[in-house]
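In: Generate a structure from the sequence data that follows.
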Amino acid sequence: MTVADAPDVWAGLPRLSRRSLTLERRAAAWLESEAVAAAFAWLGLDAAFDRPEVDARPAALARPGLTVQLRWPRLGTRLGVGVEVPIVHAVVDRLLGYDRPFAEARLQTTPVEWGVWTYLVVRVLEELEKADAGPFRFDGRGGSDGLGLSVDRVGPSPFDVEGLGDVVTIRWAIRLGGVAGAIRLWIPESLASYWIDDPKPRGGRRPIPPGAVESVSDWRAVAGTSPMPLGLRRLRAGAVLPLSGSGLTGTPTEPRGRLDLVCAAGDAEYRIAVEPEPGSSGRRVVATGPTLRLARPSGDPAMSAAPNREGEPVVDPLDAPVTLTIELGRLGVSLGRLADLKPGDVLELNRHGREPVEITSGGRTVARGDLVLIGEELGVRVTSVFL
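Out: Okay, here's the model as predicted:
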């Protein structure tokens, strides 16, 4: 046998790229940090984690267990956490003092457990924010600090990766007493890049090359606006908002007509006319016109309260007239893609057709809602309010 004919002793072994190795080390360091330990200490669980493993694909999405889907409106994305069945049971049993029979250890999760885990996830997010211990860091601060990371749903349904692009899986093997299992974190490649590339400075802001900020632009798919002359205080869950100045028609599950992709940059606003692609439930849009550059009005167009005259009472900001913007979704477009964009090109939003739309004021998400029919026109029924 010649050297060329000799079997490859490394064949069949997993290949780990330098990027994956860096992500593994960052994930391990984050979980082992004192700030994270403090954020989880209130649970009182003696859990042992193995080192993380990175898979450059959305692995084990359909594995039985419980899935937590988190939304990050500021970044226009979402991420998921998957917990295997034995760990779901073990955590709930520890917290509720339940001695589960061995025969029930592999049974599927229940609505009661979904409720318990919803509370746990919300509390953990709050503790991570207090400890400034978010894994993704921006300008030296924790990822959950002021960024609006919120729970979208908790249950047995698989994490929906549609519209997220490339997704990375980080898996931790975990042992809780005599119970073994795994927890998985599914994140878009863009968030993995934040975790890898940012050196987490502790003092001052890291200089950002001028070209880095402009490499990808953030666009909002605006379906229309809804004026609230009496202010945001009147915004309530269950309210139905008609759309003003909207070219959107069709049905909530299959909208059609005109949308505007809007991007604010400096003193200018850029707009691209688009239409929902038929059969995509509004998840994909087709460009119908060129990119237009418009001058932005001075000041904040969201609030239009007049200045108080001497002796008049001060107007609460929540009582000031406001115009809400209804966003069907968001997307990031690189400058190269934008330069080549032409009518007929298809773009994919970060929102699945079954997900709620964002209701914003001055760029800030103040509510979410579902598209509904008001007669023959589309409107939005408010489902959640964040004030």
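In: rest of the way, CA atoms for contacts and neighbours
Out: OK.
In: Which strands or helices does the helix or strand hosting residue 71 pack on?
Out: Here residue 71, judged by DSSP states H and E, is contained in strand 65-72. Judged by 3 or more CA pairs under 8 Å, 6 or more residues apart in numbering; DSSP states H and E, the packing partners of strand 65-72 are strand 77-84, helix 85-96, strand 150-155.
In: From the chain's centroid, how far away is that strand?
Out: Distance of strand 65-72 from the chain centroid (CA atoms, centre = their mean, to the nearest Å) equals 10 Å.
In: one step back: out of the helices and strands packed on strand 65-72, which gets nearest to residue 114?
Out: Smallest distance to residue 114 across these (CA to CA): 5.7 Å, for strand 150-155.
In: So which bits of the following helix or strand past the closest one are buried?
Out: Counting by DSSP H and E, the next helix or strand C-terminal to strand 150-155 is strand 167-176. For strand 167-176, the neighbour count (16 or more other CA atoms under 10 Å) marks 167-172, 174-176 as buried.
In: just checking, what packs against strand 167-176?
Out: Against strand 167-176 (3+ CA pairs under 8 Å, 6+ apart) you get strand 47-49, strand 53-55, strand 179-188, helix 189-197.
In: now the helix ranked longest in the chain: mean pLDDT?
Out: Using DSSP state H, we find that the single longest helix of the chain is helix 111-130. Averaged across helix 111-130, the pLDDT comes to 88.
In: Can you report how many residues lie near residue 256?
Out: For residue 256, the neighbour count with other CA atoms under 10 Å is 21.
In: Could you report the separation of it from residue 221?
Out: Remark: distance between residue 256 and residue 221 (CA to CA, to the nearest Å) = 13 Å.
In: Equivalent analysis for residue 28, please.
Out: Taking CA to CA, one finds residue 28 at 37 Å from residue 221.
In: One more: residue 165?
Out: The gap separating residue 165 from residue 221 is 18 Å, by CA to CA.
In: okay, those two: which has more neighbours?
Out: Comparing residue 165 with residue 221 by other CA under 10 Å, the one with more neighbours is residue 221, at 23 against 12.
In: following the helix or strand of the chain with the lowest mean pLDDT, which helix or strand shows up next?
Out: Ranked by mean pLDDT, DSSP states H and E, the weakest helix or strand in the chain is helix 210-213, scoring a mean of 41. Where DSSP H and E defines the elements, the next helix or strand beyond helix 210-213 is strand 216-228.
In: Need the nearest residue in space to residue 282, chain neighbours excluded.
Out: residue 276 (5.1 Å; CA to CA, 6 or more residues apart in numbering).
In: what pLDDT does the one you found get?
Out: The model's pLDDT for residue 276 equals 91.
In: One more: residue 150?
Out: The confidence metric pLDDT takes the value 84 at residue 150.
In: Pairing partners for it in the sheet, please.
Out: In this entry, residue 150 is beta-bridged to residue 71, by DSSP bridges.
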